[in-house]
Structure formats: C-alpha cells, structure tokens
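In: What shape does this take:
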Amino acid sequence: MKTVIERLRGDAPVFSVEFFPPRDDADEAVLWRSIRELEPYDPAYMSITYGAGGSNRDGTIRSIARVATETTLVPMAHLTAVNHSVAELRNVIGWYAAVGVRNILALRGDPPGDPYGEWVPHPQGLNYAEELVTLVRSLGDFCVGVSVFPYGHPRSVDLDTDTRYVVRKFKAGADFGIAQLFFEAEDFLRLRDRVAAAGCDAPLIPGIMPLTTPRTLRKTIELSGASCPRRLLDRLEPLEGDAKAFRAEGLDVVTELCERLLAEGVPDLHFYTFNRSKATREVVGRLGLVPARA
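Out: Next up, the predicted model:
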C-alpha cells in the first residue's frame, strides 16, 4: 500500500477525495456508488472522516477497511482524539494497521455538538493534535497528515501563534497538511508562505468543495470560519433560485480557483465530495487531471 507522500511525488499534480462514513444502508449504497465512479479516475488517495465529535467510528473503520481490501484506491483514515483514551486510540490505530491502512489524518477534533465550544480532553486522553501525531508515529510505519487553517484555527489568538502550532505538528512527525476550506487562492498561498517562512517545507494541500448548491456555499462559509468575499457572493447569490445556473456558475468559480492553485505549484487538490462524485469528476476533467483510461 502506497503512502500519500509517495503518491504526491510524481511530475504532475494530482487530486484526492474525501467522504464521510454512512449512517445507514441507503447512505452506504450512495457512498459506494461514488467510490466506484471515482475509482477509474485514479485519485492519489481517498479519505473517510471520523464523524462529528468522534461519532461513527465503527462506520469509518468498516468503510476504510473495505476500501483497502476491495478497491485499487489508496486509503487514508481520519482519527480524532475526541472522547478517546490513549488506550482506545491505540486500539483504533491497530485496527487501521491490521487492514493495511498506512495513511492517517491525525486531528484533535472538535467538541461534540459545538465545534466552537470549550475543549475538554478525555481524562486518559490527549489534548493536542501534535500528541496524536506522536502516538500514531510511535505505533507503526504510518504516513501522517494534519489539518491546517488558512484563516487560523478558531482558537488561535493570531496567525503567528497559529503558525507556531502548525509547525509543532510537523516537528512531531506529520508528513503533510490539508487545508480547511477557503475562498481565494491568495488565502491558501499566504498560509503556505507563513509555514515556509517558519522553516517548514512539508507539502500543504488545499481543500476544495465544489459549489453546486446554496447549501454547499453556506457549508463552505461555516467550515472556513471566514466571511465570503462580496465578489463571490455577487456571482452566486442572484442565482439561488435557479438550481442549474447556480451549479454551472459555482463549478466555474471552483475551476478558476483550482486553476490558480495549480499555476502556483500545489501538488494536490483535495475535494470534499459530500459522498457524491459527479461535480468532482467534472472539475478534475476540466483541469486535465483525469488519466487517459478513465
């Protein structure tokens, strides 16, 4: 099983995809239809989230195990410290290793029920993502990713402080970082510059959500933790009553963002799919990231 870093070492940029664990049989059918539709496009890797507040752990483990054993895709499992003792985290990491998963995205995670609420660690657990990185690296030959925030982590007092915490995660053994959502290419590029100026050259990967509906726009605003630029709202808000026009303009916006990022040398575009494949397939097709056989 290849690692994420190995998949990023080619001469051309790549893309990757993220899914969330299914809640029921119907969700599972949708998830696996999307996985099979994207498999011929040869994404560099695919990930499955851990669920809000550490929920859906079993669904994540079951789904990522199936990807590892039944597909040609390179799986990356998410792992959070939320509501877990160190012993429980060791057990989950062991499960991942047992099914052949070599890539783990190590996240502290958000407080259950309120992403911006007070963080209360498990009494026998961990308090910081860097501690989880250290734990994962101590338990096997894993390739470890972490999250990074173009606008700074919501709990960071300023961008300089946030950058110091990012660098600490890499010093603890992280191999790459995936950025939370953002609106302008410059937002990500400034993050990349800050981390590089702090002496860290680990690859940073932009997170991208195809804007297909007003809901995905609202979700992007929520997850980014920032206000949406007026320029972007002026393009999309007038179209909210026309689903087809909104989707077309939204995919144009995302394609333009991706083109700028690729021109700036990013190694990978990480797409948040909402467990649907069509929009991601359209965008990567426009960008020329599709292998000839797909």
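
In: C-alpha only now, for contacts and for neighbours.
Out: Noted.

In: distance of residue 96 from residue 247?
Out: As for residue 96, its distance to residue 247 is 37 Å (criterion: Cα to Cα, to the nearest Å).

In: make that residue 64, sorry
Out: In terms of Cα to Cα, residue 64 sits 30 Å off from residue 247.

In: and the two? which has more neighbours close in?
Out: Shown here are residue 64 and residue 247; by other Cα atoms under 10 Å, residue 64 has more neighbours (26 against 20).

In: can you pull out the helices in the stretch 1-150 of the chain?
Out: 4-7, 25-38, 57-70, 86-98, 129-138 (DSSP state H, counting those that start in this stretch).

In: Look at residue 194 and give its secondary structure.
Out: helix (DSSP: H, G, I helix; E, B strand; the rest coil).

In: Next, the closest residue to it other than its chain neighbours: secondary structure please.
Out: Distance criterion Cα to Cα, 6 or more residues apart in numbering; nearest residue to residue 194, sequence neighbours excluded, is residue 163 at 6.8 Å. Classification of residue 163 by three-state DSSP places it in helix.

In: and residue 163, how many neighbours?
Out: Residues contacting residue 163 under the criterion other Cα under 10 Å number 23.

In: Next: residue 26.
Out: 9.

In: now the helix or strand of the chain with the lowest mean pLDDT against helix 25-38, angle please.
Out: Every helix and strand of the chain was ranked by mean pLDDT, DSSP states H and E. The lowest is helix 57-70, at a mean of 87. Computed by axes from the mean of the first three to the mean of the last three Cα atoms, to 10 degrees, the angle separating helix 57-70 from helix 25-38 equals 30 degrees.

In: same for helix 57-70, what does it pack against?
Out: On a contact count with 3 or more Cα pairs under 8 Å, 6 or more residues apart in numbering; DSSP states H and E, helix 57-70 meets strand 46-48, strand 75-80, helix 86-98.

In: by how many degrees do the last one and helix 57-70 diverge?
Out: Computed by the same axes, to 10 degrees, the angle separating helix 86-98 from helix 57-70 equals 20 degrees.

In: In helix 86-98, which of the residues would be classed as buried?
Out: The neighbour-count check on helix 86-98 (16 or more other Cα atoms under 10 Å) flags 86, 89, 92, 93, 94, 96, 97 as buried.

In: Adding distance to residue 122, write these out as CSV.
Out: As requested, the buried residues of helix 86-98 are exported to CSV (distance: Cα to Cα, whole Å):
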residue, distance to residue 122
86, 9
89, 11
92, 16
93, 17
94, 20
96, 22
97, 24
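
In: now those in TSV, with pLDDT and distance to residue 38?
Out: Formatted as TSV, these follow (pLDDT from 0 to 100; distance: Cα to Cα, whole Å):
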residue	pLDDT	distance to residue 38
86	96	35
89	94	30
92	92	27
93	95	26
94	95	28
96	93	23
97	94	24
